[in-house]
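[1] what follows is a predicted structure for the sequence shown.
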Amino acid sequence: MATTTPLRWLRRVRQRGLRGGVLVAFCLLMGLAHTAAAQPTLALSKSVKVVQTVLCPGTMVFQLRNDGAQPVTIAQVSVNDAFWPFTATPSTTIARHGTAVVALRYPWDAGVAYEVQFISSTGAMFVTDIDATTTASAPPCS
């Protein structure tokens, strides 16, 4: 009986012709819009910004600022698509309108470009690029 119910519904849509087709199309579009609205947005990726980047031999240090209204937790950091362990001070969770310093030991080379991705606990990503001229002219740290 459960298999005949959808068939009866489909027959009624066919009998009603264009009106039924428009109704079905409208329902499908509303369903797609609802599904798209239910997906997590990457709005957080625009709320966290890299304020400063410091390169020391074997280390990359980033000062991050959360300009958003919600706290953001940094879950992972990747450099050129490879995940690296990192530390965050004062915490991996950046309070709303707060800052944090993220440091990772990475054997970067002078004259090479790097793409650093910060991935939040919700999956939102934000990216900063370190171009080859920046790494070539990085002063030694004291």
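    Yep, it's here.

[2] helix/strand/coil for the closest residue to Phe86 other than its chain neighbours?
    Excluding the flanking residues, the one nearest Phe86 by Cβ to Cβ, 6 or more residues apart in numbering is Leu104, at 4.1 Å. For every residue, glycine as well, the C-beta is placed using N, CA and C. Going by DSSP: H, G, I helix; E, B strand; the rest coil, the secondary structure assigned to Leu104 is strand.

[3] list the neighbours of stretch 69-77 that are in contact with it.
    Contact partners of stretch 69-77, identified using Cβ atoms under 8 Å, 6 or more residues apart in numbering, comprise 44, 47-48, 64, 66, 83-84, 86, 88, 92-96, 98, 100, 102, 104, 116-121, 124.

[4] just the buried ones from these?
    Taking 16 or more other Cβ atoms under 10 Å as the criterion, what is buried in the contacts of stretch 69-77 is 44, 47-48, 64, 66, 86, 88, 92, 94, 100, 102, 104, 116-120, 124.

[5] name the nearest residue to Trp84, sequence neighbours excluded.
    In space, Trp84 is closest to Leu104, 4.9 Å off (Cβ to Cβ, 6+ apart).

[6] relative to Thr134, how far out is the one you found?
    According to Cβ to Cβ, to the nearest Å, Leu104 and Thr134 sit 16 Å apart.

[7] ok, Thr89 next?
    In this view, Thr89 and Thr134 are 23 Å apart by Cβ to Cβ.

[8] who's more crowded, those two?
    A side-by-side neighbour count of Thr89 and Thr134, using other Cβ atoms under 10 Å, places Thr134 first with 15 against 12.

[9] so who does that one touch?
    Counting by Cβ under 8 Å, 6+ apart, Thr134 touches 53, 55.

[10] quick one, phi psi at it?
    Backbone geometry at Thr134, expressed as degrees, to the nearest 10, gives phi -70, psi -50.

[11] low-confidence ranges in the protein?
    Applying pLDDT under 70 to the chain flags residues 1-46, 142.
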